[in-house]
Structures are given as C-alpha cells and as structure tokens.
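Trainee: Dropping the sequence and predicted coords here.
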Amino acid sequence: MANVSDRPEGNSFPVPEELDGERLDKVLACVLPQSRSYLQKLLKNGCVYCTGRKVKASTRVKEGEEIFFDIPEKVVPDILPEDIPLDILYEDNDLLVVNKPKGMVVHPAPGHYTGTLVNAIMYHCGDHLSGINGVLRPGIVHRIDRDTTGSLLVCKNDLAHQSIALQLREHTIHREYRAICCGVPDQDEMIIEKPIGRDPKDRLRMAVVPDGKYALTQVHVSQRFSSHAEIRCVLKTGRTHQIRVHLSSVGFPLLGDPLYGPGRSHNSGNNKPQSYKGQILEGQCLHAEILGFMHPRTGEYIETFAPLPEYYQNLLNVL
C-alpha cells in the first residue's frame, strides 16, 4: 500500500451518519457505483485511504471520516477493422442489416476485442458508422446475444442512430424471433408480461423480479413435437435476455440455453456445448428472423428476413 501522505486528491467523500461503524468495503459499496469485485481490487491495490491512517476492507470507519479513493483511468484498446465476411440482408447510405451467425459477439468487451461484429462492420463500412455509442460500439444501436442468430441493425451515421434509438424506445420496431423450447405449451398463444431485472442471486443472469423493468413478449406456438415445440416470439419491449427469461419463467426454457435452460450449471460460464439427438447446440435455439422499422431518412417501412441457420433447420428435421 502507498503511504498515507500519497493519498489521491479530489476523489473523496465523508462517511455518512447511517454507515457509522461499518466496514470500509460495505461503505464503498453503498456510496460508489462500481461493482463489489472492482472495489475489492481498489482496496487490494492500495487505492483507498482514510484520513491519517492506512486501511483494509475490514476496517471500521466513523461518521464524518474522510474516505479518499483513486479510480484508475480506463484504457480502451484499439479496435481494429477485420476482414470478416458479413451476410448482408439490407444496406443503403444510412443503414446496414446483417444476419449475425451463432457464436459472434456483437461489440468488443474484455476477453473479446477481436472477431466481433464491430470489427467486421468497421472493415466493411470504414468511417461511415455512427459515433454516438463510442469507440467500442460504433454503429451499434441494439444487440443480440452471442449465441442468438439473425437480424441486427447497424447505423452508418448519427441521424440514423437517433431515429432508430427513438423507435426502439417507443417500441415501434417489429422484432420477431423463432425458437425451440423445452416442453409443449397447451395454448396456441401466450402473452408473457413480467418485469425483468438483474438476478439478485447471480449477476450473470437476469430474472423476473418485482422491481424490474416492464417487459412484454407475445408467443405463438408454430409446431408441437413429443417433448419440444417451435414458437414465434414478438418483442414488445427489449430487455436483456427477455425471451430467454420470459420463456424460462413460465416453464418452457429454450433448448440449449446455458443460463436459463434445464440442467444449467451454476458456474454457467464454463458450460460445455450441449447436444440434442446428435445435433451440437452451442447455446440457445433462438433466431431473430424478422426486423421491421421506419427508414430514418425516407420514412418508408423496411422489413428484412433472415433465413434459418443450418443447425436450426437440422434440429427441426430431427424433431
């Protein structure tokens, strides 16, 4: 740990009355917006100090005592264009709609700075991408999960980005998915209207929680099999993992889903690819087939259709 005299300048706060006598790590978690694991790293690296004394995570602090902290500046790696083939469903001077393959991450993040959709569209579009979401997500106005396939909209300029973002907020973009679920619903139609938020027991997951954000999914059963069904899902809102969480919450999780499916391991990040009747699944059986929106410049309604990936069609044949 650095000397107390070397404490950082500027970043500090007094211990509030209601946290008098609490452990320092708890106080930090209550006051600062960072995750507990990140705050533990700050403590371990000597980036947190109290007035006139050295501290550790278990140190008890007093009301009014000044806490100094130093949050290191984030270093954003260079995101480079990569010549990765794109399956383009629609393109003009404002927009690009691609059919994203299974296993491709949409935008760079720790552990995934190459091979992402952003690397591919930077190569394809050059400097013609909206900059509203910053250097890590140029052109990206919405996303789909790594193992979800299908239509994803990319904005080439800020005018397009602002228009599509507004349509997303107002829930006027038509997003229709095909999926294979475990179990066979009795009803032909279902409306799942349940709030979604972070799972309080597992931060990797989302869950139906009382204080979550409003979420609504329309479900139509297309085909029934002996122990599975193919369904169509229309998103009326766009919450993280919405279809996966909603289907799991009513007892029909998606086939192959490593986070919300049957037999899920708690340490889901280490799950091996699942298989069904000889078909390797590599994640949830979910495909964003139809994407409809108003063109930001012309006002024309545009609708794109993403053909089913081979693995999905093979599963239907097996079922």
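Mentor: All right, it came through fine.

Trainee: Counting neighbours, what do you get for the closest residue to Pro200 other than its chain neighbours?
Mentor: Spatial nearest neighbour of Pro200, excluding adjacent residues (C-beta to C-beta, 6 or more residues apart in numbering): Val209 at 7.0 Å. For glycine as for every other residue, the C-beta is placed from the backbone atoms N, C-alpha and C. For Val209, the count of nearby residues is 15 (other C-beta atoms under 10 Å).

Trainee: Would you mind measuring from Val209 to Leu259?
Mentor: Counting by C-beta to C-beta, to the nearest Å, the separation of Val209 from Leu259 is 15 Å.

Trainee: and what of Lys41?
Mentor: Shown here: Lys41 relative to Leu259, a distance of 25 Å by C-beta to C-beta.

Trainee: Neighbour count for the two, which is higher?
Mentor: Neighbours were tallied for Lys41 and for Leu259 using other C-beta under 10 Å; the higher tally belongs to Leu259 (24 against 13).

Trainee: The more buried one sits in which helix or strand?
Mentor: In the assignment (DSSP states H and E), Leu259 maps to no helix and no strand.

Trainee: who's in contact with it?
Mentor: Contacts for Leu259 were tallied using C-beta atoms under 8 Å, 6 or more residues apart in numbering; they are Leu204, Arg205, His241, Arg244, Ser268.

Trainee: Now it. Its backbone dihedrals?
Mentor: Backbone torsions of Leu259, given as degrees, to the nearest 10, read phi -100, psi -40.

Trainee: Going forward, count from 57.
Mentor: In the new numbering, first residue 57, that becomes Leu315.

Trainee: Need the pLDDT of it.
Mentor: According to the predicted model, the pLDDT of Leu315 comes to 93.

Trainee: re the thing from before, just the pLDDT at the residue nearest to Pro256, thanks.
Mentor: 96.

Trainee: go on, Glu121?
Mentor: Looking at Glu121, its pLDDT reads 87.

Trainee: And for the one 4 residues further on?
Mentor: According to the prediction, Phe125 has pLDDT 81.

Trainee: right, and Gly339 touches Asp313 too?
Mentor: Yes. With contact taken as C-beta atoms under 8 Å, Gly339 and Asp313 are classed as touching, separated by 7.2 Å.

Trainee: ok, these two, which is more surrounded?
Mentor: Asp313 (29 against 22).

Trainee: Please report the distance of the more buried one from Cys86.
Mentor: Separation of Asp313 from Cys86 (C-beta to C-beta) stands at 34 Å.

Trainee: what's the answer for Ser219, then?
Mentor: Look at Ser219 and Cys86: by C-beta to C-beta, they are 40 Å apart.

Trainee: Between those two, which is the more surrounded one?
Mentor: Counted by other C-beta under 10 Å, Ser219 and Cys86 do not tie: Ser219 has more neighbours, with 20 against 12.

Trainee: In contact with that one, which residues are there?
Mentor: Listed by C-beta under 8 Å, 6+ apart, the contact set of Ser219 reads Met350, Pro352.

Trainee: Also the one 10 residues further on?
Mentor: When contacts are counted by C-beta under 8 Å, 6+ apart, Ile229 touches Ile220, Gln223, Leu347, Gly348, Phe349.

Trainee: Beta-bridge partners for the nearest residue to the third one once chain neighbours are set aside, please?
Mentor: Among residues not flanking Leu347 along the chain, Ser207 sits closest, at 3.9 Å (C-beta to C-beta, 6+ apart). Legend: beta-bridge partners of Ser207 under DSSP bridges are Asn155.

Trainee: I figured Ser207 was touching His343, is that so?
Mentor: No. Ser207 sits out of contact with His343 when judged by C-beta under 8 Å, with a separation of 9.0 Å.

Trainee: Overlap in contacts, those two.
Mentor: By C-beta under 8 Å, 6+ apart, Ser207 and His343 have these common neighbours: Ala362.

Trainee: Show me where the stretch 157-306 of the chain has its strands.
Mentor: For the stretch 157-306 of the chain, the strands defined by DSSP state E, counting those that start in this stretch cover 205-211, 230-238, 245-249, 252-254, 262-264, 272-280, 284-291.

Trainee: Just name the most buried of those.
Mentor: For those, ranked by mean neighbour count under the definition mean count of other C-beta atoms under 10 Å, the leader is strand 205-211 at a mean of 27.
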